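Asker: After the sequence you'll find the predicted model.
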Amino acid sequence: MEKNYVVYAFIWFIGLQIATAQITPFSAIWNFEGSDNGSSSSGLVNASSVSYSGVNKLAVNPYTSGYVNLGVNVQNWSTTICNQTEYVQFSVQPTGTATITLTTLSFAFTRSAQGPQQLTVRSSVDGYSSDLSSQGVTDNYQVASISLNGSGFSNQSSAVTFRIYACNPSAGGGTLKLDEIRMNATALPVTLLSFTAKPEGDRVQLAWTTLTERDAKQFIVERSYDLGEYITVGEVDANGTTNERQYYGLTDLNPRPGSNYYRLSQLDLDGTIHSYKIISAIVRGNEPVVAVYPNPASPDRIHIRLWNVDDAAVRLLAITGQVVDGRLERKAGEADLIFDQPLPTGLYWLEVQTNGERQVVNVIIR
């Protein structure tokens, strides 16, 4: 009977303190220069394309002379209803773990002689239930400038969507003309993307990933048994300033059985310390553990964690099922599988059998 060993890891957030990171001003712009696509000046934020509900762009010449260069012509507004069912829609979406704070929304608008005479703007922050702006439309270009206040526009981690409604045209073919939609805002990159703790027998493997770093000198991991007093588990050098994802790891060799709490902090070059979330792992030292680290592994040596399975039979298999010859060197709680000739890169299966039970671990050789 085959059975996989199960390691029970209980990891949860106890708290979260966002580090002070660089706030980046940005603009999202829809200028309708022959396209409905939006653009963002920040890689932390995506701007959607403009979409249309209940209405459509003018079939012939949808983009004509606008407030600046070209603008878009939107037609088929109902002549009998004015109930916010017809609209032009666009969004901004933060990427990764960034948050955004929106400050202003502006756009130019006018109408054809038979176009809509009333315009209203609403947003997703309150389910499109209240007006951000409502005003009449003339046949000369006007510029709407709307201040975006309130908590719904601050520190948002999900998309914020706006709708421009119009109504009361004198004819269905009348058009609303829009141009130069612009949203001003700031983006805050949250440095930490993940922080995890995984028990492995009498040890805990700690790993964290950053999305961005600003003047980071070092990361410090601390452990507590009661969320009161902390002691340092280890320190890892940071990568200074980078906008590329970075991966870090550390092993706690001395956790105690039961709950262990871990706090991660970032030390900046100027001495500033930012503390992140606290996580927890429960160590059960009597459980069997089979793990490979690092993974991807070296072509010359695979390091194996063998906790409470010291008598296990170990072998490595190529994806063809062929056994790969190697020399197993054991020591308490772990072993090294050593090869006389470097292994070709690729995927392998590490098979561990003990007490009639079999576990297979995928190993990547690079």
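Answerer: Now that the structure is in, tell me what you want to look at. Quantities reported herein were computed from a predicted structural model and do not represent experimental measurements.
Asker: Pass me the low-pLDDT residue ranges in the stretch 1-150 of the chain, would you?
Answerer: 1-22, 96-97 (pLDDT under 70).
Asker: What residue spans form the domains of this structure?
Answerer: 24-188, 192-283, 289-365 (automatic domain parsing).
Asker: okay, how far is it across the shortest one, tip to tip?
Answerer: Okay, so that is domain 289-365. This stretch, domain 289-365, spans 21 Å end to end (CA to CA, to the nearest Å).
Asker: Use 899 as the first number from now on
Answerer: Understood, numbering begins at 899; the last thing we discussed is domain 1187-1263.
Asker: can you list the domains of the chain in CSV and add mean neighbour count?
Answerer: For glycine as for every other residue, the C-beta is placed from the backbone atoms N, C-alpha and C. As requested, these are arranged in CSV below (neighbours: other CB atoms under 10 Å):
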stretch, mean neighbour count
domain 922-1086, 18
domain 1090-1181, 17
domain 1187-1263, 15
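Asker: A strand includes Asp1209, no?
Answerer: No - judged by DSSP: H, G, I helix; E, B strand; the rest coil, Asp1209 forms no part of a strand; its state is coil.
Asker: what's the nearest residue to it if we skip its chain neighbours?
Answerer: With CB to CB, 6 or more residues apart in numbering as the criterion, Asp1209 has its nearest non-adjacent residue at 6.0 Å, and that residue is Thr1252.
Asker: Name the residues linked to that neighbour by a beta bridge.
Answerer: Glu1255 (DSSP bridges).
Asker: ok, now which ones touch it?
Answerer: 1186, 1207, 1209-1211 (CB atoms under 8 Å, 6 or more residues apart in numbering).
Asker: mind checking how far it is from Thr1110?
Answerer: 44 Å (CB to CB, to the nearest Å).
Asker: Next: Asn1260.
Answerer: To Thr1110, Asn1260 is 31 Å away according to CB to CB.
Asker: How about Ala1095?
Answerer: 23 Å.
Asker: for Ser1043, same thing?
Answerer: Taking CB to CB, one finds Ser1043 at 32 Å from Thr1110.
Asker: Ok, Val1035 next?
Answerer: Using CB to CB, Val1035 is found at 43 Å from Thr1110.
Asker: What of Gln1164?
Answerer: Separation of Gln1164 from Thr1110 (CB to CB): 11 Å.
Asker: what sits in contact with each of the two?
Answerer: With CB under 8 Å, 6+ apart as the test, Gln1164 and Thr1110 both reach Thr1089.
Asker: Check the offset of the helix or strand that contains Asn1260 from the chain's centre.
Answerer: Here Asn1260, judged by DSSP states H and E, is contained in strand 1255-1263. In terms of CA atoms, centre = their mean, to the nearest Å, the centre of strand 1255-1263 is set 30 Å apart from its chain centre.
Asker: likewise stretch 1099-1119?
Answerer: 17 Å.
Asker: Can you pull out the low-pLDDT segments for the stretch 1099-1248 of the chain?
Answerer: 1183, 1208.
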